[in-house]
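In: Just to be clear, the model below is a prediction. Sequence and coordinates:
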Amino acid sequence: MKLITFRPPRIALTLLVATTVLHHLSPPNTFLHLPYKLLATICVVVGFMVMMVAWSKFKKSDTAVCPTAQTSRIVTDTIYRYTRNPMYLGMLLMLFGAAFFMGTIPAMLAPVGFFLIIDKVFIPYEEEDLISSFGDEYGKYMAGTRRWL
């Protein structure tokens, strides 16, 4: 089965569960020596807000949220003016928040793994599909808006 058939929230959850298990099996080598619980909370809250604003905008625009579904239009306003992938960015921030809360090296595998999977598999797939569907319109959006931040 191809990785692209999995939905990104399920990938994020799977990685979070796997790294939580690794976190609990590893020696307690905390590598963060700062108020990481505050940083964790901020990451989770901001990540959730970013993801929900983006998701809500897709729903209001009546376009597909699923990466493999046919997109009916390009959303370029609100949060999409700053990042082409705010839902992924929100999930990534939440994973970093969970990693900061755990505070161990194995916990950092979830956000790093998620970033690599999304950046190397999902985003290129979506960009290719959007360029095929919308041509120059999407090309201009790509040129003016960053992939992540």
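Out: On my side now, so go ahead.

In: Would you mark the buried spots in stretch 75-84?
Out: Neighbour-count burial for stretch 75-84, counted by 16 or more other Cβ atoms under 10 Å, picks out 75, 76, 79, 80, 83, 84. Any C-beta I mention is one placed from the backbone N, CA and C, and that applies to glycine too.

In: State which helix of this structure is the longest.
Out: Longest helix in the chain by number of residues (criterion: DSSP state H): helix 36-60.

In: List of residues touching that helix?
Out: 64-65, 75, 77-80, 86-87, 89-101, 103 (Cβ atoms under 8 Å, 6 or more residues apart in numbering).

In: thinking again about what came up before, would you list the buried residues of stretch 75-84 in TSV and tack on secondary structure, pLDDT and distance to residue 117?
Out: Below are those laid out as TSV (DSSP: H, G, I helix; E, B strand; the rest coil; pLDDT from 0 to 100; distance: Cβ to Cβ, whole Å):
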residue	secondary structure	pLDDT	distance to residue 117
75	coil	93	23
76	coil	94	25
79	helix	95	22
80	helix	95	22
83	coil	97	18
84	coil	97	17
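
In: for those residues, which one is nearest residue 135?
Out: Proximity of the buried residues of stretch 75-84 to residue 135 (Cβ to Cβ) peaks at residue 76, which lies at 14.6 Å.

In: That closest one reaches residue 140, doesn't it?
Out: No - Residue 76 lies out of contact with residue 140 (Cβ atoms under 8 Å); the separation is 9.3 Å.

In: The residue nearest the centre of the chain and residue 25, how far apart?
Out: In the chain, the residue lying closest to the centroid (Cα atoms, centre = their mean) is residue 88, at 2.0 Å. Distance of residue 88 to residue 25, computed by Cβ to Cβ, to the nearest Å: 28 Å.

In: and if you look at residue 14?
Out: Distance from residue 14 to residue 25, counting by Cβ to Cβ: 17 Å.

In: Residue 137 too?
Out: Per Cβ to Cβ, residue 137 is found 49 Å from residue 25.

In: Please apply the same query to residue 57.
Out: Distance from residue 57 to residue 25, by Cβ to Cβ: 40 Å.
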